[in-house]
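>>> Sharing a model prediction with you, sequence too.
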There are 2 protein chains.
Amino acid sequence: MIKLLLYEDNKPLREGLSMLMGGSEGFMVAGAFPNCNNVVEEVALLKPDVVLMDINMPGVGGLAGLKLIKNQFPEVKVVMLTVFDDNQTVFDAMKAGADGYLLKKTPPAKLLEYLQDVYQGGAAMTASVARQVLQLFAHAPVIEQKKDYQLSDREKEVLQWLVNGYSYKMIAGQLFISLETVRSHIKKIYEKLHVHSKTEAVTKAYKDKLF
Amino acid sequence: MIKLLLYEDNKPLREGLSMLMGGSEGFMVAGAFPNCNNVVEEVALLKPDVVLMDINMPGVGGLAGLKLIKNQFPEVKVVMLTVFDDNQTVFDAMKAGADGYLLKKTPPAKLLEYLQDVYQGGAAMTASVARQVLQLFAHAPVIEQKKDYQLSDREKEVLQWLVNGYSYKMIAGQLFISLETVRSHIKKIYEKLHVHSKTEAVTKAYKDKLF
DNA sequence: CCAGGCATCCCATAAAAGGGGGATATTGGG
DNA sequence: CCCAATATCCCCCTTTTATGGGATGCCTGG
């Protein structure tokens, strides 16, 4: 028996989903709410296996709700449900740890299948969402091998600040050392990286995935 | 009618799949081969809509076959089929442009559904594969979306050289313009990117995947 | 036509970075 | 114990950047 929690602001849809789920073999609806304003308390109290979460809701939205749940209850599965499948929203949800991303046009029977999958440790993704993900990978930059330039810990530290756009003076302030010391470190870093400017060092740091 | 091509070295499985697909409404098997040794010719001749490709085959393997097909016929959908769902293989296939990644244990009915999805422009992913992908996103915040800072073509060009570690003077030489013009462009670029130094601009260029 | 964006060029000044030298102290391994 | 690497600091000098002002044409869309 999979215990579900629904978050969906549209009342007819919320009730429709409740009825569908509640009336299906192996499913049980523990609660259905129109917003995430008390999501942490509700999840704590009702202990669902899977949460079905609309993204566009007034008040605390679905993405925020997802993050709240995953922060407190990482073991609870959360499946996002939405009409939008634009790139950014999908990836935001993924990065926030969603266990699935389904479109509202998904037929009810499929919906139940997906929820089963998620309950069993899989992830749910509609074909169009999966497509976007695959395309992202196809166009992803090639993963390069990390190179080792034998930078000392301190040097790596300095390089980090450098990459983040800090001036020598600011780095000196951050590390509580003098400007001269920063300059010394940077001279050494350039030597080890075989570069002659901040920009080259930064580019090298990114290209060679120094961190 | 979806025209399929199968690549699978295991004879019983190949014939089983052929029979399943061939006997199903809306599907047609144009060919079934035990390896990818002549994959380009076969695809060119048989013009399939979707190719179902085993990963582990003797001779030219499935991954290589995938790449061969996608290089020559990017419009042909290729779905990978395998027993392995280890991270690296999945990831490799995705990067090579696979339109789907299915496990061999996928039930026949599901398999047909997935192929339909792929034919209609979606992507196919079994729940366990989808899970891995989502976890990758959750644990690897590396993948970002491109942002648009409305840089003009010329400005992008200048930024490119900047990123590559060229000094203003060198850029001026490269673009056959005066140092002053380079400076003007860079002022404008900084304005648009909301930064105040070369380093910040370079870092932003990498982080926001400006190219 | 005219405003706005773009590309081009110029000047001046202050801040930052790069390159060369050198010094001192600590530390860990052979 | 000594050496090499590291981390810290200092000076001098040149080049490069950053930022603030301009100006001039060219083109395009309202």
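Cool, got the structure.
>>> Return the residues of chain A in contact with DNA strand D.
Taking C-beta under 7 Å from any atom of the strand as the criterion, chain A approaches DNA strand D at residues A:150, A:152-155, A:175, A:177-178, A:180-181, A:183-185, A:197, A:199. No exception for glycine: its C-beta is placed from N, CA and C like everyone else's.
>>> Between the residues you listed, which sits nearest chain B?
residue A:199 (4.7 Å; C-beta to the nearest C-beta).
>>> Count the residues that sit near the closest one.
21 (other C-beta atoms under 10 Å in any protein chain shown).
>>> what's the closest non-adjacent residue to it?
Leaving aside its chain neighbours, residue A:199 sits nearest to residue B:165 (4.7 Å; criterion: C-beta to C-beta, 6 or more residues apart in numbering or on different chains).
>>> For chain A, just list every one of the helices.
Along chain A, counting by DSSP state H, helices occupy A:11-22, A:39-46, A:62-72, A:87-95, A:108-119, A:127-138, A:153-163, A:168-175, A:179-193, A:198-207.
>>> Determine how far stretch A:38-52 lies from the middle of the whole chain.
Going by C-alpha atoms, centre = their mean, to the nearest Å, the spacing between the C-alpha centre of stretch A:38-52 and its chain's C-alpha centre is 20 Å.
>>> which stretches of chain A aren't confidently modelled?
A:84-88, A:137-146, A:211 (pLDDT under 70).
>>> relative to its centroid, which residue of it is most remote?
Distance from the C-alpha centroid of chain A, by C-alpha atoms, centre = their mean, peaks at residue A:180 (40.9 Å).
>>> Please tell me how far that one sits from DNA strand C.
The gap separating residue A:180 from DNA strand C is 7 Å, by C-beta to the nearest atom of the strand, to the nearest Å.
>>> Residue A:170 now?
Separation of residue A:170 from DNA strand C (C-beta to the nearest atom of the strand) stands at 8 Å.
>>> thinking again about what came up before, what subset of the residues of chain A next to DNA strand D is buried?
Those of the residues of chain A next to DNA strand D that meet the buried threshold are A:155, A:181, A:185, A:199, by 16 or more other C-beta atoms under 10 Å in any protein chain shown.
>>> Now flag whichever of those residues is closest to residue B:122.
Of all these, residue B:122 sits closest to residue A:199, with 42.8 Å by C-beta to C-beta.
>>> wait, that closest one sits on residue B:199?
Yes. Assessed by C-beta atoms under 8 Å, residue A:199 is found in contact with residue B:199 at 6.4 Å.
>>> re the thing from before, which two in the buried ones among the residues of chain A next to DNA strand D are spaced the farthest apart?
Spanning the widest gap among those are A:181 and A:199, at 21.8 Å by C-beta to C-beta.
>>> From the domain annotation, what segments belong to each domain of chain A?
According to automatic domain parsing, chain A comprises the domains A:2-138, A:153-207.
>>> Single out the most deeply packed of these.
The highest mean neighbour count among the domains of chain A, using mean count of other C-beta atoms under 10 Å in any protein chain shown, belongs to domain A:2-138: a mean of 19.
>>> next one: that domain to chain centre, how far?
Relative to its parent chain, domain A:2-138 has a centroid offset of 15 Å by C-alpha atoms, centre = their mean.
>>> close to chain B, is it?
Yes. Domain A:2-138 lies within reach of chain B by C-beta under 8 Å from any C-beta of the partner chain, at A:87-88, A:91, A:94-100, A:114, A:117-118, A:120-128, A:130-134, A:136-138.
>>> Distance check, residue A:153 against residue B:44.
56 Å (C-beta to C-beta, to the nearest Å).
>>> who are the neighbours in contact with the nearest residue to residue A:164 once chain neighbours are set aside?
Residue nearest to residue A:164 in three dimensions, not counting chain neighbours: residue B:203, with 6.8 Å by C-beta to C-beta, 6+ apart. Counting by C-beta atoms under 8 Å, 6 or more residues apart in numbering or on different chains, residue B:203 touches A:163, A:164, A:165, A:202, A:206.
>>> From residue B:126, how far out is the spatially most central residue of chain A?
By C-alpha atoms, centre = their mean, chain A has its centre lying nearest to residue A:95, at 1.1 Å. According to C-beta to C-beta, residue A:95 and residue B:126 sit 22 Å apart.
>>> now swap in residue A:170 and tell me
Between residue A:170 and residue B:126 the distance is 50 Å, computed by C-beta to C-beta.
>>> Skipping adjacent residues, who's closest to residue A:171 in space?
Ranked by C-beta to C-beta, 6+ apart and with sequence neighbours excluded, the top spatial neighbour of residue A:171 is residue A:161, at 4.5 Å.
>>> go on, residue A:73?
Per C-beta to C-beta, 6+ apart, closest to residue A:73 is residue A:43, 5.7 Å.
>>> Residue A:92 too?
Nearest non-adjacent residue to residue A:92 (C-beta to C-beta, 6+ apart): residue A:63, at 6.0 Å.
>>> do residue A:15 as well
residue A:32 (7.5 Å).
>>> That neighbour bridge partners, please.
For residue A:32, the beta-bridge partners are residue A:6 (DSSP bridges).
>>> so what's residue A:34 up against?
Contacts of residue A:34 by C-beta under 8 Å, 6+ apart are A:7, A:8, A:9, A:11, A:14, A:57.
>>> how near is the last one to residue A:9?
In this structure, residue A:57 and residue A:9 are 4 Å apart, going by C-beta to C-beta.
>>> Spit out the residues that contact the two alike.
Joint contacts of residue A:57 and residue A:9 (C-beta under 8 Å, 6+ apart) are A:34, A:35.
>>> got the residues of chain A near DNA strand C?
Residues of chain A lying near DNA strand C (C-beta under 7 Å from any atom of the strand): A:167, A:168, A:169, A:183, A:184, A:186, A:187, A:190, A:196, A:197, A:198, A:199.
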